[in-house]
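Visitor: What follows is a predicted structure for the sequence shown.
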Amino acid sequence: MPDEKQKALVVLSGGQDSTTCLYWAIDRYGLGAVDTVTFDYGQRHHVELECAAKVAEFAGVSNACLPIDTFAALGGDALTDPDIEVGNDIDSDNGLPNTFVPGRNLIFLTYAAAFAYQRGIQNLVAGVAQTDYSGYPDCREGTITALQHALRLGMESEVTIHTPLMHLSKRETIELARDLGGLPAMAFTHTCYNGEQPPCGHCPACALRAKGFAEAGVVDPLLVTA
Ligand SMILES: [Zn+2]
């Protein structure tokens, strides 16, 4: 049953996880109570932004794209620096892949909270998961809980960060998307770290996506339309 008093803002990246979160939010709050926000953070592949807009349009919700290009100026990660090749390699110092963009989710959610505050929206929905193979520290439950606490204090609001995928495997995320009617929208999503359409099929993100669909026994709609 949708909660008609509440509104939700989904952080939509254009990928499969945030798209699943969008359908989770529509199911929980109702179509008319859900908005989405996408961040142009200087990522190499602008196709992500186009995918987010397409997913939102397909689902029938608004999509605001906010420019925050400071990450590219910081440098040092493979997702914003074109001189660094996306790889499977793990940094031996911190155990993180070079696709880690330090602070990204913290900044995204802080901007999202400010955006939501201005519009009377109490609920943020983010597709982070601590089961993510990368083990990004800003995707972990402890980080999100602490950030929510900081945002509530700093904005004097009752903002809540929902992370419906936090403890789900990729297979379970695909199953959730399927159960919520979100699979057709997957045809518009984008996951490939190399920004290729059709997806390259061999980067870590493509491999993880393929594994999730295979384990769920679901054909990836993106590959059907490609
Ligand atoms: Zn790929």
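Guide: Received the coordinates, thanks.
Visitor: just checking, what packs against the helix or strand of the chain with the lowest mean pLDDT?
Guide: Ranked by mean pLDDT, DSSP states H and E, the helix or strand of the chain with the weakest confidence is helix 70-74, at a mean of 79. For helix 70-74, there is no helix or strand it packs on, judged by 3 or more C-beta pairs under 8 Å, 6 or more residues apart in numbering; DSSP states H and E. Glycine gets a C-beta too; all of them are placed from N, C-alpha and C.
Visitor: who touches the closest residue to Ala126 other than its chain neighbours in this structure?
Guide: Sequence neighbours aside, Val11 is the residue nearest to Ala126 in space, at 4.8 Å (criterion: C-beta to C-beta, 6 or more residues apart in numbering). Contacts of Val11 were listed using C-beta atoms under 8 Å, 6 or more residues apart in numbering, and they are 18, 21, 36-39, 108-109, 112, 124-127.
Visitor: Now do Val11, the pLDDT please.
Guide: Here the pLDDT value assigned to Val11 is 98.
Visitor: May I have the phi/psi pair for it?
Guide: phi -80, psi 110 (degrees, to the nearest 10).
Visitor: Was I right to think Ile174 contacts Val219?
Guide: No: counting by C-beta atoms under 8 Å, Ile174 sits too far from Val219 to count as a contact (10.5 Å).
Visitor: Among the contacts of Val11, which are located in helices?
Guide: Within these, residues falling in helices by DSSP state H are Ser18, Cys21, Phe108, Leu109, Ala112.
Visitor: Nearest to Tyr193, out of those residues: which one, please.
Guide: Ranking the ones in helices among the contacts of Val11 by separation from Tyr193, with C-beta to C-beta as the measure, puts Ser18 on top at 15.6 Å.
Visitor: between the contacts of Val11, which has the most around it?
Guide: Counting neighbours by other C-beta atoms under 10 Å, Cys21 leads those with 30 neighbours.
Visitor: Relative to Glu158, how far out is it?
Guide: In this view, Cys21 and Glu158 are 20 Å apart by C-beta to C-beta, to the nearest Å.
Visitor: cool, and Leu12?
Guide: The separation that Leu12 has from Glu158, given C-beta to C-beta, amounts to 23 Å.
Visitor: These two: who's more crowded?
Guide: Leu12 (33 against 9).
Visitor: Could you list the low-confidence segments of the protein?
Guide: The chain contains residues with pLDDT under 70 at 1-5, 76, 78-79, 84-95, 99, 132-135, 225-226.
Visitor: all strands in it, in order from the N-terminus.
Guide: In the chain, the strands defined using DSSP state E lie at 8-11, 34-40, 62-67, 123-125, 160-162.
Visitor: just so I know, which of those strands lies nearest the ion?
Guide: Go through the strands of the chain one by one with C-beta to the ion and the one that ends up closest to the ion is strand 34-40, at 20.0 Å.
Visitor: what is the orientation angle of that closest one with strand 62-67?
Guide: Here strand 34-40 runs at an angle of 20 degrees relative to strand 62-67 (axes from the mean of the first three to the mean of the last three C-alpha atoms, to 10 degrees).
Visitor: Give the other helices and strands that strand 34-40 contacts.
Guide: strand 8-11, helix 16-29, helix 47-59, strand 62-67, helix 104-118.
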